[in-house]
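A.B. asks: no sequence on this one, just coordinates:
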């Protein structure tokens, strides 16, 4: 049996990075998104909720007090982070307690006012580093074929407002058959918008169905071009990192860095554990990764038991930050026993499918 099969998986001592999905609201209707019905209406069973502000402040102030939080990623498993009405306030709260953190946000960028994006850039600059990834899947005539309900011109205006206010941005394009001829054009737009990078990526799925009341169509991926990142070398390399010299817990920062250097035996079967990261969903539930967090809500029955197991029903209660602190969650029975056993045995099909874990 491989050495990592006996891993104790001490999540509470391992975690230094958080990925948080702060809302289940989204303005877009992308094909293949888990939150909607084939690119149309939101699923009836999806609970629409924004991350609780009291829980957020407690998470920053006390749950992670004394922790070195290197990365905070606000992603879009269930929604777009820009839809949270108090996002700017949330970022202000986080840097108050964790100025050592680097921030990463992912968005379709087709919402809010120009003033919002300027205010957002101001708050982002308080982090040690930051980057907002804007999804621009083609030019004006093709972008919304996949990323439905978003508006290309508005996105471009918002990107420019953010970067002109000192924000660091990356423009990312997902490659499809319908936009494959526009890669160079979108690259030029990214440079014009003063982003730091342009990224071309492949779609995670092919033959995606868009099913609307008046029409239906399929979206096909393209893999002929290689994924790439273009760095615009004439862009500013960074913005002011003025908060680093003002770290109130600088000794904690140094001690944690030393500890991390001495504890690099991250060769387990779980990539997220190796990356020292957990996922928190919009309802305040904590999960070991974004891939299994999909089973943290309404999915029941045979699909749940086949892809993971029925312990998720219990975990939905025990992993709730509205009831328990993050340290309590990461040391509960599910994280220390059920999750450990599943990873060491490779029993979850979701882990087998996504990360290539072998069942023993």
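C.D. replies: In hand now; what should we look at? None of these values were measured; they are calculated from a predicted model.

A.B. asks: tally of neighbours for residue 39?
C.D. replies: Using other C-beta atoms under 10 Å, residue 39 has 23 neighbouring residues. C-beta here means a position set from N, CA and C on the backbone, and glycine is covered the same way.

A.B. asks: go on, residue 337?
C.D. replies: By other C-beta under 10 Å, neighbour count at residue 337 equals 12.

A.B. asks: and it, its phi and psi?
C.D. replies: Phi and psi for residue 337, reported as degrees, to the nearest 10, are phi -120, psi -60.

A.B. asks: wait, what's in contact with it?
C.D. replies: Shown in contact with residue 337 (C-beta atoms under 8 Å, 6 or more residues apart in numbering): no residues.

A.B. asks: ramachandran angles for residue 349?
C.D. replies: Main-chain torsions, residue 349, degrees, to the nearest 10: phi -60, psi -30.

A.B. asks: any idea how far it is from residue 359?
C.D. replies: 9 Å (C-beta to C-beta, to the nearest Å).

A.B. asks: same check, this time on residue 70
C.D. replies: Note on residue 70: its distance to residue 359, by C-beta to C-beta, is 32 Å.

A.B. asks: residue 28 too?
C.D. replies: As judged by C-beta to C-beta, residue 28 and residue 359 stand 36 Å apart.

A.B. asks: which one of these two is surrounded by more residues?
C.D. replies: When neighbours are counted by other C-beta under 10 Å, residue 28 and residue 359 differ, and residue 28 comes out ahead with 23 against 10.

A.B. asks: show me the shaky parts of the protein.
C.D. replies: Where the chain drops to pLDDT under 70, the residues are 1-5, 234-266.

A.B. asks: try 80 this time
C.D. replies: 1-5, 32, 233-266 (pLDDT under 80).

A.B. asks: show me where it has strands.
C.D. replies: Along the chain, counting by DSSP state E, strands occupy 17-20, 71-74, 102-107, 129-135, 169-175, 197-202, 208-211, 216-219, 228-231, 277-280, 286-287.

A.B. asks: mind putting those into CSV with mean neighbour count?
C.D. replies: Converted to CSV, these look like this (neighbours: other C-beta atoms under 10 Å):
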stretch, mean neighbour count
strand 17-20, 22
strand 71-74, 21
strand 102-107, 21
strand 129-135, 22
strand 169-175, 23
strand 197-202, 18
strand 208-211, 16
strand 216-219, 15
strand 228-231, 12
strand 277-280, 24
strand 286-287, 27
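
A.B. asks: who's in contact with the most centrally placed residue in the chain?
C.D. replies: In the chain, the residue lying closest to the centroid (C-alpha atoms, centre = their mean) is residue 75, at 2.5 Å. Counting by C-beta under 8 Å, 6+ apart, residue 75 makes contact with 19, 20, 21, 81, 105, 106, 290.

A.B. asks: if you set the cut-off to 10 Å instead, what comes out?
C.D. replies: The neighbourhood of residue 75, defined by C-beta atoms under 10 Å, 6 or more residues apart in numbering, consists of 19, 20, 21, 22, 81, 104, 105, 106, 107, 133, 279, 290.

A.B. asks: how close does it sit to residue 81?
C.D. replies: For residue 75, the distance to residue 81 (C-beta to C-beta) stands at 7 Å.

A.B. asks: what does residue 185 give?
C.D. replies: 27 Å.

A.B. asks: over to residue 56?
C.D. replies: To residue 81, residue 56 is 12 Å away according to C-beta to C-beta.

A.B. asks: now do residue 206
C.D. replies: Using C-beta to C-beta, residue 206 is found at 27 Å from residue 81.

A.B. asks: neighbour-wise, which of the two wins?
C.D. replies: Under the criterion of other C-beta under 10 Å, the comparison of residue 206 against residue 81 puts residue 81 first, with 23 against 15.

A.B. asks: surely that one meets residue 107?
C.D. replies: Yes - counting by C-beta atoms under 10 Å, residue 81 touches residue 107, with 6.3 Å between them.

A.B. asks: spell out which residues are contacts of both of the two.
C.D. replies: The contact sets of residue 81 and residue 107 overlap at 26, 74, 75, 87, 132 (C-beta under 10 Å, 6+ apart).

A.B. asks: can you lay out those as JSON lines showing distance to residue 181?
C.D. replies: Formatted as JSON lines, these follow (distance: C-beta to C-beta, whole Å):
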{"residue": "26", "distance to residue 181": "28"}
{"residue": "74", "distance to residue 181": "32"}
{"residue": "75", "distance to residue 181": "29"}
{"residue": "87", "distance to residue 181": "35"}
{"residue": "132", "distance to residue 181": "27"}
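
A.B. asks: and which of those residues is nearest residue 310?
C.D. replies: Of all the shared contacts of residue 81 and residue 107, residue 75 has the smallest distance to residue 310: 26.8 Å, by C-beta to C-beta.

A.B. asks: hey, what's the closest residue to that closest one other than its chain neighbours bridged with?
C.D. replies: The shortest distance from residue 75 to any non-neighbouring residue, by C-beta to C-beta, 6 or more residues apart in numbering, is to residue 106 (5.1 Å). Beta bridges link residue 106 to residue 133, judged by DSSP bridges.

A.B. asks: residue 106 touches residue 20, doesn't it?
C.D. replies: No - using C-beta under 10 Å, residue 106 makes no contact with residue 20, being 11.5 Å away.
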